[in-house]
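Sequence first, then the predicted structure, then my questions.
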Amino acid sequence: MSLNYLISIDEAKKYLYKTDVPTGANVFVEQRLEMYRSSAHRAICNKVGFEILSTVYTDERHKGNDYHDVYLDNRPITLLTAVKYNDVEKTLGDYEVIDSKYLHYEDGYFTESSYWWKFSYTAGYTSTTMPGDIKLTAVELIKLYHDASNRKAGTSSESDGATGNSISFDPDAEKNILKRLDSYVKQC
């Protein structure tokens, strides 16, 4: 799993600095940006309720629900590779992925019993499928974390010095940035 799917170090640098970073500062800047990228990734995943980067899941267990549909733990489902019931492999053609969110079993039910249903699949976004609003949220969070790390501890605003302009820090800024992702929040 590569955080470059979310946003690359170079994209973060361009957004934050608008110019080239001085060569001597590059290693330090990249270490900090890596930390901010990880924090943005974690905040986004916590907000939506699932891993957003493309990941392979093997034998994810579900008890069944006696319905035609079952919601898997991660989204968007991009590839279903195996369905098992009581460790017996089922025919994949009997199951359909709907809206990249759940599986539908037209000819039967996901029987609730003491046996487990197990699903193997790939879910999440790649560098080419990552929605723009998720990337924008990531860069805005990275900028927020970057700016917060550069201010004095315990201040809610400070002067930028050169122009005398005051810069305020909103304690709800992270929550406000993440609101953009409300439509991705896992409902089931």
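Received, thanks.

the helices in this structure, which residues?
For the chain, the helices defined by DSSP state H cover 9-17, 26-48, 132-149, 173-178.

which secondary structure elements does the second one contact?
Using 3 or more CB pairs under 8 Å, 6 or more residues apart in numbering; DSSP states H and E as the contact criterion, the secondary-structure elements in contact with helix 26-48 are helix 9-17, helix 132-149, helix 173-178. Where you see a C-beta, it was placed from the backbone N, CA and C, and this is true even at glycine.

Now render those as a markdown table, adding distance to E96, mean neighbour count and mean pLDDT.
A markdown table is the format used below for those (distance: least, CB to CB, whole Å; neighbours: other CB atoms under 10 Å; pLDDT from 0 to 100):
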| stretch | distance to E96 | mean neighbour count | mean pLDDT |
| --- | --- | --- | --- |
| helix 9-17 | 36 | 16 | 81 |
| helix 132-149 | 26 | 18 | 91 |
| helix 173-178 | 32 | 16 | 95 |
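
what sits against I9?
Contact analysis of I9 by CB atoms under 8 Å, 6 or more residues apart in numbering lists E30, L33, E34, R37.

Poorly predicted segments of this protein, please.
Residues of the chain meeting the criterion pLDDT under 70: 1-5, 18-25, 151-169, 188.

Could you work out the end-to-end span of stretch 45-56 for me?
16 Å (CA to CA, to the nearest Å).

Equivalent analysis for stretch 122-142, please.
So stretch 122-142: terminal residues 27 Å apart, CA to CA.

What are the contacting residues of that stretch?
Counting by CB under 8 Å, 6+ apart, 4-7, 11-12, 15-16, 33, 36-37, 39-41, 43-44, 50-57, 72, 74-79, 81, 174, 177-178, 180-181, 184 sit against stretch 122-142.

The same query, at a cut-off of 6 Å, please.
5-7, 12, 15, 36, 40, 43, 51-56, 74-75, 77-79, 177, 180-181 (CB atoms under 6 Å, 6 or more residues apart in numbering).

What are the structural domain limits within this structure?
Here the domain assignment for the chain is 3-50+128-184, 55-123, based on automatic domain parsing.
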